[in-house]
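S.K.: Below is the sequence, then the predicted model.
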Amino acid sequence: NLSQSESLLDDLSLYFEVIGDTLCMRLEYDNEGWIGLGFSSTDGRMVGSTAIIGLPDAKEAKYYALDGMAESMITPLPESEQTLLE
């Protein structure tokens with residue numbers, strides 16, 4: 001269980017805790033669809049950033065490169081860069 005929580009929307013909650021130098025997070029969406037969380041290294045724009053995208057049907061979350069706005073430009077990072085922990 002994570003010690004902190006924040007209700008972002010009626011059906012979207014963020015749970016988090018900092019343990020040492022690791023940020024542990026869980027997003028819960030009580031509806032149909034996908035959820036994503038992005039981190040921008042420069043100017044806050046999505047293109048050129050990476051995102052964590054959770055796909056409920058696959059029951060997994062992975063890092064993706066956001067190289068453009070088209071769906072074909074959103075690709076999983078190489079397996080060596082998939083550093084998410086359960």
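M.R.: Received, thanks. Numbering: from 1, shown residues only.
S.K.: what residue lies at the spatial centre of the protein?
M.R.: Against the mean C-alpha coordinate of the chain, by C-alpha atoms, centre = their mean, the closest residue is Ile52 at 2.7 Å.
S.K.: Now do the strands in this structure.
M.R.: Using DSSP state E, the strands of the chain run over residues 4-9, 12-19, 22-29, 35-39, 49-55, 60-66, 74-76.
S.K.: could you give the angle of the fourth one to strand 22-29?
M.R.: Going back to what we said before, that points to strand 35-39. 150 degrees (axes from the mean of the first three to the mean of the last three C-alpha atoms, to 10 degrees).
S.K.: now do the first one
M.R.: Orientation note: strand 4-9 sits at an angle of 30 degrees relative to strand 22-29 (the same axes, to 10 degrees).
S.K.: partners of strand 4-9 in the sheet?
M.R.: strand 12-19 (antiparallel) (DSSP bridges).
S.K.: next one: the third one
M.R.: The sheet places strand 22-29 alongside strand 12-19 (antiparallel), with pairing taken from DSSP bridges.
S.K.: Who are the packing partners of the one helix or strand in the chain whose mean pLDDT sits lowest?
M.R.: The weakest-scoring helix or strand in the chain, judged by mean pLDDT, DSSP states H and E, is strand 35-39 (a mean of 72). With contacts taken as 3 or more C-beta pairs under 8 Å, 6 or more residues apart in numbering; DSSP states H and E, strand 35-39 sits against strand 22-29, strand 49-55. Glycine gets a C-beta too; all of them are placed from N, C-alpha and C.
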